[in-house]
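[1] okay, structure incoming, though there's no sequence with it:
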């Protein structure tokens, strides 16, 4: 976001040509900001404050005004801890696992557009690419589960893999409806399709696909909740049975990486949901071609991310845990058939209208 | 992807970076492939297989076919290797080397690998000879609508960019519809067969 933004700014306003390595550095910097800012924001607003509010307590209050610096304190604490590797663990696999999980998050972010010209990569296969790389995190989780050489970790890893594979299907199928309606896989073009869309001839607010694809939106939200292994889908990390599942043996920096990975992925999945169903960086009454969007877009998208993530965390704090068989039944017997019916209906309506 | 990078850099230095990374990923892929068959630890073999498949996906990106790369990741890394690892971890949880991976038929295996390599190398060289990758594969699609000349560069790119994913979709559902349906039926048969075998009663 920052990369393209600054390159547009520098090349058009200041007429400076940025070399390739400079653009790459900007992109890396922009990626870090776009990953860490929503992740930190989500942790503070929802995990610290909203959860506390729902449980009738204050939450962190000491570090900074209203505990807003608590996150920095937590990060500092984790960085000080010793990075322990169990004696019998498979060292390389154990140490590498958190990075694979984080890699999946960063790859997911690549295709999210933040404005008409503010994107990292404008891939032709945008949504498909996102669905493909989201499955990479399973490898990291299996590596963590197996490499820790602990039965809790192994059980957690296997539960996580079974769950993630099961919920990937409804996630992909839920997106197909949007793709059919937009007629493109490119994320930015999906935003344009929503911005220029009309509902029964009324195009004032465009056509955010949540209105026509609300079934897809519901299925997608449930599926990403499961992909994040958050309650009520937290069987893989169920603390009363498995300590912390595949994360049991991790401490210090590597636990922090898993933690960041979880909330950064929540942010990125929310961004993808916002782009696909809520119109992405577009706000009504401002034409999508307007240059202002390159500045306004990231802020609009951020607001929408927090909206979608609010729903996710609301579910997280409200519902009790599913049993393993209920969890699998929900995916295979409920979500997948609904998503398939949604695809058929969308296809028929697309041909009719 | 390549075209995209070319637009950004507007220069020849791009191809230096591209060549370096091509060699980097090629060497990593080959080393990982050797490791898959030489390691004594079956989980390590599966994880090295992930590197090999990811390396192939990267090569697809270098060839300008993002769709094939994404499919490679989705199907092979996201599904097949996960299933492999899942099966291994369910059946044997032990860490460390297990001697069962090695076999005595190394020579035969090497022979088959060599034959397969020769066959594939020959068919690739024979099929493509010295065809170069078009500099901008997206602009190959013929532009049928008249282009408005007043628009800026970004809008021009957006309008003239052909979509290779759309081309693949059209090809599957027009020219190759019969093989596609045949594969679908085959997969369905395999699925039903698996269910029948799994439920013995």
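    Nice, I can see it. Everything numeric here is computed off the predicted structure, so don't read it as measured data.

[2] just the element for the residue nearest to the spatial centre of chain A, please.
    With distances taken as C-alpha atoms, centre = their mean, residue A:269 lies nearest the centre of chain A, 2.2 Å away. Secondary structure assigned from DSSP states H and E places residue A:269 in helix A:252-277.

[3] does chain B have contacts with that helix?
    No - Helix A:252-277 lies out of reach of chain B by C-beta under 8 Å from any C-beta of the partner chain, never closer than 14.7 Å. All C-beta atoms are positioned from the backbone trio N, CA, C, and that covers glycine.

[4] and that helix, which residues are buried?
    Using 16 or more other C-beta atoms under 10 Å in any protein chain shown as the test for burial, helix A:252-277 gives A:254-277.

[5] how far off centre is that helix?
    Helix A:252-277 sits 5 Å away from the centroid of its parent chain (C-alpha atoms, centre = their mean, to the nearest Å).

[6] quick check: mean pLDDT across the strand or helix carrying residue B:30?
    Element membership for residue B:30, per DSSP H and E: helix B:13-38. In this model, helix B:13-38 has a mean pLDDT of 81.

[7] buried residues in it, which are they?
    B:14, B:25, B:29, B:32-33, B:35-36.

[8] what is that helix packed up against?
    When contacts are defined as 3 or more C-beta pairs under 8 Å, 6 or more residues apart in numbering or on different chains; DSSP states H and E, helix B:13-38 sits against helix A:20-42, helix B:2-9, helix B:42-62.

[9] hey, which of these is tucked in deepest?
    Of the helices and strands packed on helix B:13-38, the one with the most neighbours on average (mean count of other C-beta atoms under 10 Å in any protein chain shown) is helix B:42-62, at a mean of 20.

[10] following that one in sequence, what is the next regular element?
    Once helix B:42-62 ends, the next helix or strand along the chain (criterion: DSSP H and E) is helix B:66-71.

[11] which strands or helices does that following helix pack on?
    When contacts are defined as 3+ C-beta pairs under 8 Å, 6+ apart, helix B:66-71 sits against helix A:126-134, helix B:42-62, helix B:164-174.

[12] switch these over to JSON lines; also include mean pLDDT.
    Converted to JSON lines, those look like this (pLDDT from 0 to 100):
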{"stretch": "helix A:126-134", "mean pLDDT": "88"}
{"stretch": "helix B:42-62", "mean pLDDT": "87"}
{"stretch": "helix B:164-174", "mean pLDDT": "78"}
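
[13] now, among the buried residues of helix B:13-38, which is nearest to chain A?
    Checking the buried residues of helix B:13-38 against chain A by C-beta to the nearest C-beta gives residue B:14 as the nearest, at 6.6 Å.

[14] from the stretch 101-250 of chain A, which residue is nearest to chain B?
    At 2.8 Å from chain B, residue A:135 is the closest residue in the stretch 101-250 of chain A, using C-beta to the nearest C-beta.

[15] and for the nearest residue to that residue once chain neighbours are set aside, the neighbour number?
    Distances taken as C-beta to C-beta, 6 or more residues apart in numbering or on different chains put residue B:78 closest to residue A:135, at 2.8 Å, once the chain neighbours are dropped. Neighbourhood size, residue B:78 [other C-beta atoms under 10 Å in any protein chain shown]: 24.

[16] got the contact list for residue A:264?
    A:35-36, A:38-39, A:102, A:105 (C-beta atoms under 8 Å, 6 or more residues apart in numbering or on different chains).

[17] so which of those are also by chain B?
    Applying C-beta under 8 Å from any C-beta to these, none is adjacent to chain B.

[18] hang on, the earlier thing: looking at the helices and strands packed on helix B:13-38, which is closest to residue A:150?
    Closest of the helices and strands packed on helix B:13-38 to residue A:150 is helix B:42-62, at 15.0 Å (criterion: C-beta to C-beta).

[19] quick check, that closest one touching chain A?
    Yes - Helix B:42-62 reaches chain A (C-beta under 8 Å from any C-beta) through B:43-44, B:47, B:50.

[20] show me what that helix is packed up against.
    helix A:91-109, helix A:136-147, helix B:13-38, helix B:66-71, helix B:82-91.

[21] can you redo those helices as a markdown table with distance to residue A:116?
    Listed next are the helices and strands packed on helix B:42-62 as a markdown table, based on distance: least, C-beta to C-beta, whole Å:
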| stretch | distance to residue A:116 |
| --- | --- |
| helix A:91-109 | 18 |
| helix A:136-147 | 29 |
| helix B:13-38 | 24 |
| helix B:66-71 | 21 |
| helix B:82-91 | 37 |
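
[22] how about those, which one is nearest residue A:343?
    Residue A:343 lies closest to helix B:66-71 among the helices and strands packed on helix B:42-62, at 19.1 Å (C-beta to C-beta).

[23] need the contact list for the nearest residue to residue B:83 once chain neighbours are set aside.
    Beyond its immediate neighbours in the sequence, the residue positioned closest to residue B:83 (C-beta to C-beta, 6+ apart) is residue A:165, lying 7.8 Å away. Residues in contact with residue A:165 (C-beta under 8 Å, 6+ apart) are A:138, B:79, B:82-83, B:86.

[24] which one of those has the most neighbours?
    With neighbours taken as other C-beta under 10 Å, the top of these is residue A:138, carrying 28 neighbours.

[25] next up, the contacts around it.
    Counting by C-beta under 8 Å, 6+ apart, residue A:138 has contacts A:160-161, A:164-165, B:78, B:82.

[26] any chance of the residues you listed in JSON lines, with distance to residue B:125, pLDDT and secondary structure too?
    Putting these into JSON lines (distance: C-beta to C-beta, whole Å; pLDDT from 0 to 100; DSSP: H, G, I helix; E, B strand; the rest coil) gives the following:
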{"residue": "A:160", "distance to residue B:125": "44", "pLDDT": "85", "secondary structure": "helix"}
{"residue": "A:161", "distance to residue B:125": "40", "pLDDT": "84", "secondary structure": "helix"}
{"residue": "A:164", "distance to residue B:125": "41", "pLDDT": "86", "secondary structure": "helix"}
{"residue": "A:165", "distance to residue B:125": "39", "pLDDT": "84", "secondary structure": "helix"}
{"residue": "B:78", "distance to residue B:125": "32", "pLDDT": "83", "secondary structure": "helix"}
{"residue": "B:82", "distance to residue B:125": "34", "pLDDT": "86", "secondary structure": "helix"}
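
[27] ok, which pair from those residues is furthest apart?
    Maximum pairwise distance in the contacts of residue A:138, criterion C-beta to C-beta, is 14.0 Å, between A:160 and B:78.

[28] which part of chain B gets nearest to chain A, residue-wise?
    Closest to chain A within chain B is residue B:78: 2.8 Å, counting by C-beta to the nearest C-beta.

[29] test my guess that that residue contacts residue A:136.
    Yes - between residue B:78 and residue A:136 a contact is recorded at 6.8 Å, counting by C-beta atoms under 8 Å.

[30] before we move on, what SS does the residue in the stretch 201-350 of chain A positioned nearest to chain B have?
    Closest approach between the stretch 201-350 of chain A and chain B, counting by C-beta to the nearest C-beta: residue A:289, at 7.9 Å. Here residue A:289 is coil, with the state taken from DSSP: H, G, I helix; E, B strand; the rest coil.

[31] look at it and report its pLDDT.
    Residue A:289 is assigned 76 on the pLDDT scale.

[32] and for residue B:88?
    Residue B:88 is given a pLDDT of 82.

[33] cool, and the one 3 residues further on?
    With respect to pLDDT, residue B:91 scores 77.

[34] counting neighbours, what do you get for it?
    8.

[35] now do it against residue B:77, distance only.
    Relative to residue B:77, residue B:91 is positioned 21 Å away (C-beta to C-beta, to the nearest Å).

[36] with residue A:153 instead?
    22 Å.
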